[in-house]
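S.K.: Provided below for reference: sequence and predicted model.
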Amino acid sequence: MNQNFWQGKNVFITGINGFIGGNLAKKLLIKGANIFGLIRNHSSQTFLYFEGLEKEIVIIKGELTDKDLMSRVMSENNINVVYHLAAQVEVGIGLKNPYLTFETNIRGTYTLLEAMRIHGDLIESAVFASTDKAYGTYGADQMPYREDYPLLPKYPYDTSKACADMITQVYANEIFKMPIAITRFSNIYGPGQLNFSALVPDSIRSALGFSRFIPRGDGSMIRDFLYVDDVVDLYLKIGESLSDNPKIISGEVFNAGTNEPISVRNVLESVYKLIGNENDFEKILHLMNEKKAIGEIQCQYMNYDKVHEYFGWSPSNSLPDGLSKSIEWYKKWLNK
């Protein structure tokens, strides 16, 4: 990889206030990129502000669904690379408010794509983040998900991301030939994840004594957990490789996970043991026995064969290592 590739590149990140966008921005700034970040609502309670990164980037306030704004972002800032990470990601909100989920995840995606098509003459690469949930429900004997699996979504969130993927591929195919790759990663966790409806931050906060963990299922669901630093590393590899080899990579879908499936119950146990709070875990285990998750797929995890073949990537952080790093970050955040 070219060590100077990112120097002076104009990079637009949607969802920069999210923990993945914030971690990506942090790494890109180190590499010398100029960062433009879309923020819908200003909040100082984010990784971006906690790490002091907001002073080093150009903040653009507005809605992803605002076509005029997206057009101005492209035409006025000479954008070279796009990372589309903004989304309504909560399964529960998808069930309660499908309209918001479809509006953000589908309309927001094609609004950005149109702005890129019309005004993005300088764009070298674009990475659009999807999710493993876009595949829908497959049996445990069909895991891990592979990129050639048909998309069979059932719930609003899953469907919104599957639709966005199909629209994105229209722009990347032989009609418009835009340099775009789609990523479908497993459950991402790590420093800055402040969506406390997610398992890892919720369990860390409760194990540290700052909240009470309320189980949303019996803990039997099987998942795959990917540390955010590994995700950022892969995003950079895809962005650079897509710029260098658009004919090979554009339109491709890339899965990534650790290929080490684990139950939600065992993740919880790992968190509580690392913090030294086994007694509270036993109480939670008792509460979980009668719970049944609603709107969740029972078993899903990824392999990373394709990204290893294309980019030589494999995850560097084991779950215990990633959880330990995350716990240390949350201690600082919660005690600030």
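M.R.: Received the coordinates, thanks. Residues are numbered from 1 along each chain as shown.

S.K.: so where do the strands sit in the stretch 51-200 of the chain?
M.R.: Assigned by DSSP state E, counting those that start in this stretch, the strands in the stretch 51-200 of the chain fall at 58-61, 81-84, 125-129, 180-185, 187-189.

S.K.: chain center to stretch 1-13: distance?
M.R.: Relative to its chain's centre, stretch 1-13 lies at 20 Å (C-alpha atoms, centre = their mean, to the nearest Å).

S.K.: what helix or strand is the residue in the chain sticking out farthest from the centre on?
M.R.: In the chain, the residue that sits farthest from the middle, by C-alpha atoms, centre = their mean, is residue 279; the gap is 32.4 Å. Assigned by DSSP states H and E, residue 279 belongs to helix 278-288.

S.K.: re earlier: show the pLDDT at the residue farthest from the centre of the chain.
M.R.: Turning to residue 279, the model gives it a pLDDT of 87.

S.K.: distance between stretch 45-56 and the chain's centre?
M.R.: With C-alpha atoms, centre = their mean, you get 18 Å for stretch 45-56.

S.K.: for it, which outside residues touch it?
M.R.: 16-19, 21-23, 25-26, 29, 35, 37, 43, 57, 191-194, 333, 336 (C-beta atoms under 8 Å, 6 or more residues apart in numbering). (Each C-beta comes from the backbone N, C-alpha and C, glycine too.)

S.K.: now, of those residues, which are buried?
M.R.: Using 16 or more other C-beta atoms under 10 Å as the burial test, these include 16-19, 21-23, 25-26, 29, 35, 37, 57, 191-194, 333 as buried.

S.K.: so which of these are in strands?
M.R.: Among these, the residues falling in strands (DSSP state E) are 35, 37.

S.K.: pLDDT on stretch 226-237, on average?
M.R.: Rounded mean pLDDT across stretch 226-237 is 98.

S.K.: now do the helices in this structure.
M.R.: 19-30, 47-50, 67-77, 91-96, 98-102, 108-119, 156-172, 199-207, 228-244, 246-249, 264-275, 278-288, 305-311, 319-334 (DSSP state H).
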